[in-house]
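[1] build the 3D model from these lines:
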Amino acid sequence: MATLFIADLHLDDSRPQITDLFEQFLASDEARSADALYILGDLVEAWIGDDDDAELPTRIARATKALSDSGVPIYFIVGNRDFLLGEDFAERAGFTLLDDGTVHEFYGRPTLLMHGDVLCTDDVAYQTIRKQVRTPEWKAQILAMSLDARRAFAAKARADSKAHTGSTMETIMDVNAGAVADTMRNADVTRLIHGHTHRPAVHRFDLDGQTAERIVLGDWYEHGSVLKVTPEGVELRGLALS
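    Here you go, the predicted model:
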């Protein structure tokens, strides 16, 4: 019995070896025998819409659908790089889309699942942009553009994001402890799993007299990262290219 979690793969044509690793992972005995796979956002470096006719989305859908068809449910929460991903692609890929902040129970323990960016409340500039681009009106405006225009827009957005990251203190871009505590209280849980910050770790802390757990998933820029949750506990580890 095991449930697997990944996030922040940032799949992109510039790093084909990571796409290969993702496909290897999905076809592995570990994945095929899992109770479920959860992908907590930023599967790709940039998602420009479910109608993207590039090869990469097709490869992703083929690999995830094969895992889903083998009997392993796949759940997906969008991140800040793929929030335009919708039901059309989810159906092709065998995903079930979940709201950010969904609570699922794993082997008797309720667990809050998030991408994690909303917890970085100290990064006011980022939160302002996030609020703007998540509106239905903004998304509809972007998706009405041609694919070429969207690709150009995505490239500029990535460049702007890189510039913001390079000029912002790391502590500001990490989660805010108060936001974490408040979010977990509101969800009535003592365990949170999220990605986004690319700082893989298992943090244990006191939450209103109870031992709480915040598990941060690792990114896939240079190698893979997977969390395995079992009735006995959790294991967070890296994945190497074979």
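[2] tell me which residue is most central in this protein.
    residue 41 (2.0 Å; C-alpha atoms, centre = their mean).
[3] now that residue: how far from residue 9?
    10 Å (C-beta to C-beta, to the nearest Å). For glycine as for every other residue, the C-beta is placed from the backbone atoms N, C-alpha and C.
[4] residue 238 and residue 222 touch, don't they?
    No. Taking contacts as C-beta atoms under 8 Å, residue 238 lies outside contact range of residue 222: 9.3 Å.
[5] okay, and the residue nearest to the centre of the chain sits in which element?
    Assigned by DSSP states H and E, residue 41 belongs to no helix or strand.
[6] so the nearest residue to it once chain neighbours are set aside is in which element?
    Leaving aside its sequence neighbours, residue 41 sits nearest to residue 79 (C-beta to C-beta, 6 or more residues apart in numbering; 2.4 Å). Residue 79 is part of no helix or strand when elements are defined by DSSP H and E.
[7] contacts only, for residue 79.
    7-8, 40-43, 115, 117, 195-196 (C-beta atoms under 8 Å, 6 or more residues apart in numbering).
[8] same thing with residue 52?
    residue 147.
[9] worst-scoring helix or strand of the protein, pLDDT-wise?
    Of all helical and strand segments in the chain, the minimum by mean pLDDT, DSSP states H and E falls on helix 170-173, at a mean of 67.
[10] buried stuff in the very next helix or strand once past it?
    Downstream of helix 170-173, the first helix or strand assigned by DSSP H and E is helix 177-187. Using 16 or more other C-beta atoms under 10 Å as the test for burial, helix 177-187 gives 180-181, 183-184, 187.
[11] now stretch 41-60, how far from the chain's geometric center?
    Relative to the chain's own centre, stretch 41-60 is displaced by 14 Å; criterion: C-alpha atoms, centre = their mean, to the nearest Å.
[12] residue 205 is in contact with residue 212, correct?
    Yes. Using C-beta under 8 Å, residue 212 is in contact with residue 205, at 5.6 Å.
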